[in-house]
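Engineer: Predicted structure and sequence below. I'll ask about it afterward.
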Amino acid sequence: NRVNKIVDSMQNLSKEKTEQALSEANDSLNESDRFLKQMELECDANFGKNSDRLKLKIRNYKNEYENVKRRFLKQQEQYIDVKSNDFLVENNNSKKAKQRLIDGEELAYEQQNSQLDNATRSTMQIEKNAIEVMKDMNSNTQKMEGIDARMVGLNSNMDNNKDIIEEMSRREQRTKYVILATAVVLLTIMF
């Protein structure tokens, strides 16, 4: 009777309470089985008039026990199937979640590798450009040093030319004075 009530109520119970009810029903079935065997032994030990009637009652109890046990085992099997399905669904969901996580990790890894490759290429391009700029700067520095040397030469030439121009200017002045003096002397001689 107790096992029947437990089996009837199991469909409306939560997982934890269902497991507890299954355990209680199993304990009750084991206890009933033990009592039935004990009753059979006691009935076999007594050879009185009532032994046939007792054996019949014990057989009826055994039949009822077997029916309840079958019902219990069926309910237990259904619960195990539901629990297995739930586990498979959770496991499948877990596998899908793990796969999504792995896929996400792989995608992030590929993106990071791509970014790293891009950064490496950019760094190499920057380094190449820097080397070209350094070469250009060295070339320009050499040109500037050549220009500077020419500028020093030009400045020196300019100074020399200035001195020559000043000398020419002085000669011109002297020549003018000489021409003017010669013209004055000639005019004085002529008049």
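Structural biologist: That came in fine, so what should we check first? Computed from a prediction, not measured in an experiment: that's the story for all the values here.
Engineer: Could you name the helices and strands sitting against the longest helix belonging to the chain?
Structural biologist: Counting residues, the longest helix in the chain under DSSP state H turns out to be helix 51-190. Here helix 51-190 touches helix 2-9, helix 15-45, going by 3 or more Cβ pairs under 8 Å, 6 or more residues apart in numbering; DSSP states H and E. Placement of C-beta: from N, CA and C, glycine included.
Engineer: I'd like the mean pLDDT over the shortest one, please.
Structural biologist: Right, the one you point to is helix 2-9. The average of the pLDDT scores along helix 2-9 is 70.
Engineer: Over to the longest one?
Structural biologist: Mean pLDDT, taken over the full extent of helix 15-45, equals 81.
Engineer: Kindly calculate the angle that that helix makes with helix 51-190.
Structural biologist: Going by axes from the mean of the first three to the mean of the last three Cα atoms, to 10 degrees, helix 15-45 is angled at 160 degrees with respect to helix 51-190.
Engineer: Could you list the buried residues of helix 15-45?
Structural biologist: Neighbour-count burial for helix 15-45, with 16 or more other Cβ atoms under 10 Å as criterion, is recorded at 18, 21-22, 25-26, 28-29, 32, 36, 39-40, 43.
Engineer: Residue 104: which of the residues you listed is nearest?
Structural biologist: The shortest gap between residue 104 and any of those belongs to residue 18, at 36.7 Å (Cβ to Cβ).
Engineer: so that closest one sits right up against residue 79, yeah?
Structural biologist: Yes. Under the criterion of Cβ atoms under 8 Å, residue 18 is in contact with residue 79, at a separation of 5.8 Å.
Engineer: picking that back up, could you redo the buried residues of helix 15-45 as TSV and give each row distance to residue 92?
Structural biologist: Conversion of the buried residues of helix 15-45 to TSV gives the following (distance: Cβ to Cβ, whole Å):
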residue	distance to residue 92
18	22
21	28
22	25
25	30
26	30
28	36
29	34
32	39
36	44
39	49
40	49
43	54
